[in-house]
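Undergrad: structure for the following, please:
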Amino acid sequence: MKESFFSKVRELLADYAQRTVTRINEFPTLLDSLQRNLHSLIAKESDVKDQIKLAEQSGKRKRKREVENWLTEVQYIETKLLTLENELQSQGFISRFLIGGEAEKLKQRVDELVDQSQHFSELVLDVYEIRGEAFSITKMLGKSFEENVERIWRFLVNDKVSSIGIYGMGGVGKTTLTKHIHYRLIEETQECVFWVTVSRKFTVTMLQDKIAHVIKLDLSDECNEDKRAARLHGALLSLNEKFVLILDDLWEGVSLEKVGDPLRVDGCQLIITTRSLNVCRQMNCQEIIEVETLDKDEAWDLFGEIHGRQTTLNLQVREIAKSMAEMCDGLPLSIITLAGSMRGETVIHAWRDAMEELRESVMGGNDDMDDKVFKIIKYSIDRLDPTLRLCFLCCSLYQQDHKIPRSELIKNFILEEFVDGRTSMKSQFEKGHSILDKLVSLCLLESTRVVDQCDSVKMHDLVRTVVLKITEGKTKVIGGNCVLKGISNEELWSKDLETISLMHNDINEIPIGVPPNCPNLSTLLLQRNLRLRFIPDSFFSQMRSLRTLNLSETDIEVLPDSLSNLERLKALILENCASLVYVPYLGKMKEVTQLDLSHTSIKEMPRGMEKLVDLKFLSMKNAYNKLEIFPTGLLPNLEKLQCLHIPYEVVAPIEDIECLQQLEEFEGRVRNVRDFNRFVKSRENRVHSVSYCIEVGNEHLGDEEEDDYADSVECMGYTSVVFFKTDFSDEEVIILANGIGFVKFYECEGLSNCFSDGFEIPSSLHTLEIKKCGKIECILKNDRYSVALEHVTLADLPDFTGVIHKQNVEGAFVGPPRFSSLKSLWISDCNKMKKLGLPASVFPNLETLSIKRCLDIEEIIEDEEGGGNILTISLPKLKW
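TA: The predicted structure follows:
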């Protein structure tokens with residue numbers, strides 16, 4: 001339709017020019033540009049619709065509002081063209097359309113839509129980002145618990161109840177109860193559910209930020225509380241649907257007007273949890289529910305559930321266990337931590353000893369329930385063996401309710417030598433996971449998951465309070481959630497201080513003055529202070545015992561020279577310090593084992609690197625294209641190196657890397673296939689296997705086509721290689737070691753030589769991508785083995801004719817290859833391909849099949865003869 005429309009307009013324009021003296025020189029160019037951009041817009045619309053359709057099929061993803069609006073605008077343009085086509089023969093059409101400026105306006109709008117489509121970061125959102133993420137929930141026992149769940153549910157389905165207050169003492173199960181409600185809302189309704197953990201020390205600004213975060217609103221450019229509140233209110237109004245806002249752990253009343261006035265938004269229901277009945281009243285809650293402690297029988301049932309029903313206890317042990325459960329006074333958190341600490345114990349002597357220790361722990365002091373809870377939790381922590389206890393205390397350095405990535409914690413365990421004795425990094429990670437699993441099984445940590453990220457854990461806020469009380473004097477955890485705006489030397493520092501965590505705050509500088517006198521300080525955590533730009537030169541002068549310094553995700557530009565004198569430092573973590581351009585001399589830090597300079601702006605390697613002979617972890621990846629060269633001759637000095645990340649923008653010195661006998665993880669770029677093969681061969685017959693993410697080519701692939709494969713290796717994930725602008729015409733055959741998971745070819749030539757008879761696809765390979773490559777006709781030269789590929793993408797391959805070499809398909813072969821594991825197959829712009837050449841029977845697990853813009857395609861899936869010679873095509877798992 002569109003081509004014929006433009007042809008007719010050109011005919012009318014030529015006729016119009018003969019009948020008038022109007023200048024029309026610019027109009028043909030205008031029409032050409034409009035037609036060309038309109039073609040791009042319609043093609044983009046088709047691609048967007050396809051991607052959205054596929055993403056939304058699972059029900060777990062939903063198109064973004066800006067994308068939906070864009071599609072509506074494109075639909076309007078298409079409707080407008082239909083209207084114009086109907087008006088072609090009307091009198092004065094050319095005068096209105098071209099001379100009257102209608103065509104120019106249409107072109108301008110088309111250009112804007114094309115430009116907008118090029119800036120879509122994502123087309124869809126995970127449903128949890130819109131509606132809220134369903135929490136994992138803990139099974140709770142007790143008649144009152146079930147009654148409270150049903151009572152709250154009735155309030156929520158009653159539109160007349162707009163606010164509900166839930167109160168009770170710490171550890172009684174308020175948050176657990178609310179998580180059950182949250183889970184049920186996500187599973188049984190389509191309402192949005194926004195969860196905000198408030199915590200004891202909060203400010204209005206902090207609460208505004210937290211609410212803004214869960215509704216995807218950016219308030220970072222506004223400081224005025226009232227204006228921020230108005231923007232919050234506007235954002236809540238724009239939701240245009242029912243939603244529930246949960247404010248968990250509210251310690252004092254707050255003006256709702258200051259946080260977006262949610263109850264003045266139609267469809268909003270508010271739930272708060274608090275320890276105080278007065279707070280419920282201050283917040284004018286319409287309905288108030290008290291969460292009470294468990295009765296004696298319920299407490300014993302919970303104790304047995306946590307300890308393990310499968311563990312048989314004799315009569316005497318059961319009586320001791322019941323007495324221990326009774327000492328918890330029906331408080332679920334105390335029962336859970338105590339029962340968890342006794343898991344696996346069956347011998348009566350151990351139970352008697354534990355009972356005696358528990359009695360001694362809770363005796364004395366007052367009868368205040370909070371004091372008793374503290375003592376029971378402390379008792380459970382004291383029962384841990386020394387290594388478990390040290391690892392557990394590490395978890396308290398993060399802010400309240402923080403989901404801590406397991407990989408981050410395990411790196412800390414390794415750094416602190418809590419998993420010492422393991423020779424390989426992989427075995428150390430396995431030991432770290434085992435420690436965290438043990439702490440979860442003891443009910444001291446909760447296993448969680450950050451969606452689309454690595455597994456994580458978190459600590460109950462009351463347990464965290466107990467831990468910080470235990471370590472008081474030697475450990476300080478200040479602020480979090482951007483509470484702390486500045487630091488004062490008098491308030492923070494002391495001679496006995498060993499660990500201080502100031503992470504996740506809003507500190508913008510450290511004041512000049514008398515340096516902190518902290519001779520015993522070993523750990524200083526300042527990460528995620530996004531505006532921290534300046535550290536005075538004298539700041540580190542009296543921290544000679546410092547072992548760990550974390551300044552990641554700060555705005556530091558220049559590190560002070562006094563840093564050079566920290567001779568006992570073991571870890572210097574500067575990840576995501578995007579403004580960092582200068583690191584002082586490091587040669588005195590001979591004990592450093594971990595140096596993270598990834599995502600910084602440094603232009604050259606810090607001086608003194610060659611002296612860091614104990615270094616095991618060195619990361620410099622994605623250094624914002626600033627690092628000009630990676631020096632040769634450095635790596636042989638670092639013979640203990642286990643993990644090496646070199647930015648893709650520079651070529652890795654393969655000769656030096658070959659010398660690293662203990663290397664287990666590598667990320668970087670090598671120049672050609674020969675160097676890649678040298679790397680693979682150098683890893684053969686080594687004690688430890690190696691994971692790697694490697695690019696092969698004279699240029700870096702760049703961010704626009706770079707996949708997220710590189711991040712997986714950090715969590716000990718699969719191995720990958722990307723070949724970019726590589727000419728295989730004169731290259732040797734690639735060596736793909738077993739264990740590789742992802743291979744990509746992009747803008748390569750001579751791939752027919754690469755995919756020769758000598759090329760074998762490893763059984764570990766699950767993803768293969770080939771894009772914009774010439775001289776490749778097929779993937780397999782023969783059909784005599786099956787492949788374990790799960791995902792295959794083939795795009796813009798001008799010489800591609802089919803999955804198997806055509807000669808083999810027509811000649812002698814014993815049955816087709818079996819793609820029994822294949823889940824997705826994407827093929828586009830392969831114009832020589834007439835047939836895929838494979839029957840449906842080789843794709844029993846295929847879920848996604850997409851063939852686009854293959855102009856000569858005649859047959860996709862071959863017919864197969866079923867019973868009675870009926871031709872059938874069966875793809876039992878195909879979704880799209």
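
Undergrad: how about the helices in the stretch 401-550 of the chain?
TA: Along the stretch 401-550 of the chain, counting by DSSP state H, counting those that start in this stretch, helices occupy 406-415, 425-441, 461-470, 489-492.

Undergrad: what sits closest to residue 233 if chain neighbours are left out?
TA: residue 260 (4.7 Å; Cβ to Cβ, 6 or more residues apart in numbering). Where C-beta positions appear, they are placed from N, C-alpha and C, glycine not excepted.

Undergrad: look up how far residue 173 lies from residue 201.
TA: From residue 201 across to residue 173, the span is 23 Å (Cβ to Cβ, to the nearest Å).

Undergrad: who has more neighbours, those two?
TA: residue 173 (26 against 14; other Cβ atoms under 10 Å).

Undergrad: that one contacts residue 292, doesn't it?
TA: No: counting by Cβ atoms under 8 Å, residue 173 sits too far from residue 292 to count as a contact (9.4 Å).

Undergrad: what mean pLDDT does the one helix or strand residue 46 maps to get?
TA: Using DSSP states H and E, residue 46 sits in helix 26-56. Per-residue pLDDT over helix 26-56 has a mean of 74.

Undergrad: OK, contacts around residue 390?
TA: 416, 418 (Cβ atoms under 8 Å, 6 or more residues apart in numbering).

Undergrad: ditto for residue 142
TA: Per Cβ under 8 Å, 6+ apart, neighbours of residue 142: 294-295, 298, 302.

Undergrad: and the pLDDT for it?
TA: Looking at residue 142, its pLDDT stands at 72.

Undergrad: settle this for me: residue 495 is touching residue 520, isn't it.
TA: Yes: counting by Cβ under 8 Å, residue 520 is a contact partner of residue 495 at 6.8 Å.

Undergrad: pLDDT score for residue 2?
TA: pLDDT recorded at residue 2 is 54.

Undergrad: same check, this time on residue 718
TA: Predicted confidence (pLDDT) for residue 718: 63.

Undergrad: repeat for residue 358
TA: Predicted confidence (pLDDT) for residue 358: 86.

Undergrad: isn't it up against residue 325?
TA: No: Residue 358 lies out of contact with residue 325 (Cβ under 8 Å); the separation is 10.7 Å.

Undergrad: for the residue nearest to residue 233, what are its contacts?
TA: With Cβ under 8 Å, 6+ apart, residue 260 has these contacts: 208, 211, 229, 232-233, 235-236.

Undergrad: how many neighbours does residue 820 have?
TA: Applying other Cβ under 10 Å, I find that residue 820 has 15 neighbouring residues.

Undergrad: distance check, it against residue 844.
TA: Counting by Cβ to Cβ, the gap from residue 820 to residue 844 is 6 Å.

Undergrad: also residue 288?
TA: When Cβ to Cβ is the yardstick, residue 288 and residue 844 sit 57 Å from each other.

Undergrad: in three-state terms, label residue 244 for me.
TA: Put simply, residue 244 is strand when judged by DSSP: H, G, I helix; E, B strand; the rest coil.

Undergrad: that one is in contact with residue 193, isn't it?
TA: Yes: contact criterion Cβ under 8 Å: residue 244 and residue 193 qualify, at 4.9 Å.

Undergrad: look at those two and report which has more neighbours.
TA: Between residue 244 and residue 193, counted using other Cβ under 10 Å, the more crowded position is residue 193 (25 against 22).

Undergrad: ok, and the closest non-adjacent residue to residue 498?
TA: Closest to residue 498 by Cβ to Cβ, 6+ apart is residue 474, at 4.5 Å.

Undergrad: quick check: pLDDT value at the one you found.
TA: 91.

Undergrad: for it, give me its contacts.
TA: 496-499.

Undergrad: ok, residue 495 and residue 520, which is more surrounded?
TA: residue 520 (15 against 11).

Undergrad: does the more buried one touch residue 545 like I think?
TA: Yes: using Cβ under 8 Å, residue 520 makes contact with residue 545 at a distance of 5.6 Å.

Undergrad: hang on, residue 254 packs against residue 204?
TA: Yes: in this structure, residue 254 is within contact of residue 204 by Cβ under 8 Å, at 6.8 Å.

Undergrad: check residue 519 and give its pLDDT.
TA: Predicted confidence (pLDDT) for residue 519: 93.

Undergrad: that one: how many residues sit nearby?
TA: Neighbours around residue 519, by other Cβ under 10 Å: 12.

Undergrad: run through who's touching stretch 430-444.
TA: With Cβ under 8 Å, 6+ apart, stretch 430-444 has contacts from 306, 336-337, 339-341, 343, 380-381, 384, 387-388, 391-392, 395, 406, 409-410, 413-414, 418-419, 422, 445-447, 457, 459, 463.
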